[in-house]
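>>> how would this look folded up:
(one chain, ligands or ions: 3)
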Amino acid sequence: MNITVGKQEKVGAVIHLLFVDDYHLETLADWKLSSRMGKAGQVRWIYGRQDESHHLLLGLGKKADFTLERLREAAGLAGRAVREEQVQHVGVSFASLEKGIDEQLEELVTAWVEGWQLGTYTFAKYQAKETGSQVKSINFQCEEKGSLQAAIQRGLLRAEGTMFARDLCNEPSNHLRPTMLVERIRDRFSDREVQMQVYTGEELEKRQMNGLLTVGKGSTVPPAMVQLTYCTDPTKPSIVLIGKGITFDTGGINLKTSRDLSDMRYDLGGAAAVIGAMDILTRMEIKANVTALIPTAENMPDGGAMRPGDIIQYPNGLSVQVGNTDAEGRLVLADALLHAKTLGAQEVIDAATLTGAIVRALGLRLAGVWGEESMVATLQLLGEKCGDKVWPMPLVEEYEELIRSDYADISNQSKSVNAGAITAALFLRHFVSDSYKWAHIDLAAPVESTQTKGYLVTGATGYGARLLADYVLSRV
Ligand code: BES
Ligand code: ZN
Ligand code: ZN
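Residues are numbered from 1 along each chain as shown. Ligands and ions are numbered 1, 2, ... in the order given. Down below sits the predicted model:
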């Protein structure tokens, strides 16, 4: 798609943004419309005659409530509306945003492009029918000040990283088993300034990555630890991003019993977030020192699979009882948390679709975040801004006893049915090193959207790609 700046007269439709309480745009005043047109979420077409442009009026609510997230949502909505009308060339007027808004024009343009691209995303590769018309060009009807092309590019690549994360999650698990995930990563980053290492088989044994080896035992496809290093400035803080990459989670011998297990293809949502973030960062070519660690496996029941009650010995000296084979995420994350220390990490964030309990606790649109206070605060602030929202959760010391095991040091299953997301975080903390600061994000809920709304489309959301990229950007 072609995105230009500087008003072009010949467009199929012009998009106008309206506020309920700020309503003095010249063109619209001519039409004598009421400010009710600016109600938040309102989409109204005014069709032009013959070859005159149509007009799309997008309500943004009250001006004082304006945020970049609102603009992203409006852009996603507009993108789908324009596609439905089969308009190919659109103009976007930001006239109503010229006054009374804190955000810079560059930020507005980035947010618009991001929201538009994400809102018009489709995952249709397994459907025979064409998905309909595609918008060919967007024209921002404002003056190029020399910085808007960069703002557009920024929006595009943030969306592309997020959409790559969505693609990885949406991919059915027969088309994305652990070895295939490794190849998808290799392909994507082959033209980037990264080093990629993949530990499998004997390499995993040598490094005593026993969580991964244990979880992967039930599958016909072997597990792997992918390490992707992007170091363009070794003087920057060494940040390690860890993403749970379970390509499908059946639960193992503790087989899941829900009606529809197909959502468990999203169990690599943490990995997708980390890979998406790396995609954004490497394409921005920033100066940074960041490493992605992706433990990937398929959690299957089988004659060779791990059994409930099995004990895993980790190289930090801890023994873990497999209380439940469905609590596999924490077993593979433990390997990565231990490995992060050997990489000399200063800050580590792990992202994982770790527990059903976090969905109960925070609902569908928030991820939980635990860990070092300043990291948690930064993540919360950045999440508010980029839309990948997190909510701080406690590491409750009294609950430690819930993960004690009778015959190993700890168990991967809590003795209580309560606070499952917190006990999972406590489990991870046993593998965190004092040599780095750590935060844990449980994104089991926002990894998926059950509806098409704003810039979300039913299916994978790509949650976390922009948040983790923004975290790294905030530290360099
Ligand atoms: N992948 C699941 C968590 C999950 C559940 C993600 C629902 C998305 C939606 C994880 O591996 C799991 O099964 N966790 C168990 C842990 C329990 C057995 C201690 C859970 O949350 O029930
Ligand atoms: Zn599980
Ligand atoms: Zn899982």
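>>> Just give the number of residues close to the closest residue to ligand 2 within the chain.
Using Cβ to the ion, the single residue of the chain nearest to ligand 2 is residue 326, 3.8 Å away. Quick note: C-beta positions are derived from backbone N, CA and C, even for glycine. Using other Cβ atoms under 10 Å, residue 326 has 21 neighbouring residues.
>>> Contacts only, for it.
Going by Cβ atoms under 8 Å, 6 or more residues apart in numbering, residue 326 touches 249, 251, 252, 254, 256, 299.
>>> out of those, which touch ligand 2?
residue 249 (Cβ under 5 Å from the ion).
>>> Backbone torsions only: list them for the residue lying closest to residue 323 once chain neighbours are set aside.
Excluding its sequence neighbours, the residue lying closest to residue 323 (Cβ to Cβ, 6 or more residues apart in numbering) is residue 413, at 3.0 Å. When read as degrees, to the nearest 10, the backbone of residue 413 gives phi -130, psi 140.
>>> didn't residue 413 look like it was pressed against residue 325?
No: in this structure, residue 413 is not within contact of residue 325 by Cβ atoms under 8 Å, at 9.5 Å.
>>> Which one's more surrounded, those two?
For residue 413 versus residue 325, neighbours defined as other Cβ under 10 Å are more numerous around residue 325 (28 against 23).
>>> Leaving out sequence neighbours, find the closest residue to that one.
Excluding the flanking residues, the one nearest residue 325 by Cβ to Cβ, 6+ apart is residue 252, at 3.2 Å.
>>> Can you read off the pLDDT for residue 25?
Per-residue confidence (pLDDT) for residue 25: 67.
>>> What is the burial count for residue 15?
27.
>>> for it, what are its contacts?
Contact analysis of residue 15 by Cβ under 8 Å, 6+ apart lists 55, 56, 58, 78, 82, 90, 91, 92, 93.
>>> how does it look with 6 Å?
56, 78, 92 (Cβ atoms under 6 Å, 6 or more residues apart in numbering).
>>> element containing it?
Using DSSP states H and E, residue 15 maps to strand 13-18.
>>> go on, residue 368?
strand 367-371.
>>> What strands line up against that strand, and which way round?
Sheet pairing of strand 367-371 (DSSP bridges) gives strand 390-392 (parallel), strand 437-442 (antiparallel).
>>> Can I get those in CSV including mean pLDDT, distance to ligand 1 and mean neighbour count?
Formatted as CSV, these follow (pLDDT from 0 to 100; distance: least, Cβ to the nearest ligand atom, whole Å; neighbours: other Cβ atoms under 10 Å):
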stretch, mean pLDDT, distance to ligand 1, mean neighbour count
strand 390-392, 98, 16, 19
strand 437-442, 99, 9, 27
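>>> possible to save these as JSON lines with distance to ligand 2?
Formatted as JSON lines, the strands paired with strand 367-371 follow (distance: least, Cβ to the ion, whole Å):
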{"stretch": "strand 390-392", "distance to ligand 2": "21"}
{"stretch": "strand 437-442", "distance to ligand 2": "13"}
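>>> What residues of the longest helix that the chain contains count as buried?
Scanning the chain for the helix with the most residues, using DSSP state H, yields helix 148-170. Across helix 148-170, burial judged by 16 or more other Cβ atoms under 10 Å covers 148, 151-152, 154-170.
>>> So is that helix next to ligand 3?
No: with Cβ under 5 Å from the ion as the criterion, ligand 3 is not reached by helix 148-170; the gap is at least 13.0 Å.
>>> the helices in the stretch 351-476 of the chain, which residues?
For the stretch 351-476 of the chain, applying DSSP state H, counting those that start in this stretch gives helices covering 357-362, 373-386, 420-429, 465-474.
>>> got the angle for the longest one vs helix 465-474?
Right, helix 373-386. 120 degrees (axes from the mean of the first three to the mean of the last three Cα atoms, to 10 degrees).
>>> Residues of the protein that sit close to ligand 1?
249, 267, 324, 326-329, 353-357, 359, 413, 420, 444 (Cβ under 6 Å from any ligand atom).
>>> Show me which of these are buried.
The buried subset of the residues of the chain next to ligand 1 (16+ other Cβ under 10 Å) comprises 249, 267, 324, 326-329, 353-355, 357, 359, 413, 420, 444.
>>> Identify the residues contacting the residue nearest to residue 323.
Residue 413 sits next to 323, 324, 327 when contact means Cβ under 6 Å, 6+ apart.
>>> Which member of those residues is positioned nearest residue 121?
residue 327 (32.0 Å; Cβ to Cβ).
>>> just checking, the closest one touches residue 414?
No: contact between residue 327 and residue 414 fails when scored by Cβ atoms under 6 Å: they sit 8.8 Å apart.
>>> can you pull out the helices in the stretch 151-300 of the chain?
According to DSSP H, counting those that start in this stretch, the stretch 151-300 of the chain carries its helices in the segments 178-189, 201-206, 210-215, 269-284.
>>> OK, contacts around the residue nearest to residue 325?
So residue 252 contacts 218, 299, 301, 305, 325 (Cβ under 6 Å, 6+ apart).
>>> how does it look with 10 Å?
By Cβ atoms under 10 Å, 6 or more residues apart in numbering, residue 252 lies in contact with 214-215, 217-219, 298-302, 305-308, 322, 324-328.
>>> Kindly report the same for residue 83.
Neighbour list for residue 83: 119, 120, 122, 131, 132, 133, 134, 135 [criterion: Cβ under 10 Å, 6+ apart].
>>> contacting residues around the closest residue to ligand 1 within the stretch 101-250 of the chain?
The stretch 101-250 of the chain approaches ligand 1 most closely through residue 249 (4.5 Å), counting by Cβ to the nearest ligand atom. Shown in contact with residue 249 (Cβ under 10 Å, 6+ apart): 173, 215, 256, 261, 263-268, 297-300, 325-326, 328-329, 353.
>>> Phi, psi for residue 54 please.
Backbone torsions for residue 54, taken as degrees, to the nearest 10, come to phi -80, psi 170.
>>> so it touches residue 47, yeah?
Yes: counting by Cβ atoms under 10 Å, residue 47 is a contact partner of residue 54 at 5.0 Å.
>>> what residues do the two have in common as contacts?
By Cβ under 10 Å, 6+ apart, the residues touching both residue 54 and residue 47 are 13, 85.
>>> ok, those two, which is more surrounded?
Taking other Cβ under 10 Å, residue 54 and residue 47 do not tie; residue 54 has more neighbours (18 against 10).
>>> show me the contacts for that one.
Contacts of residue 54 by Cβ under 10 Å, 6+ apart are 11-15, 45-48, 82, 85, 87, 90.
>>> measure it to residue 86 for me?
For residue 54, the distance to residue 86 equals 11 Å [Cβ to Cβ, to the nearest Å].
>>> All set, thanks.
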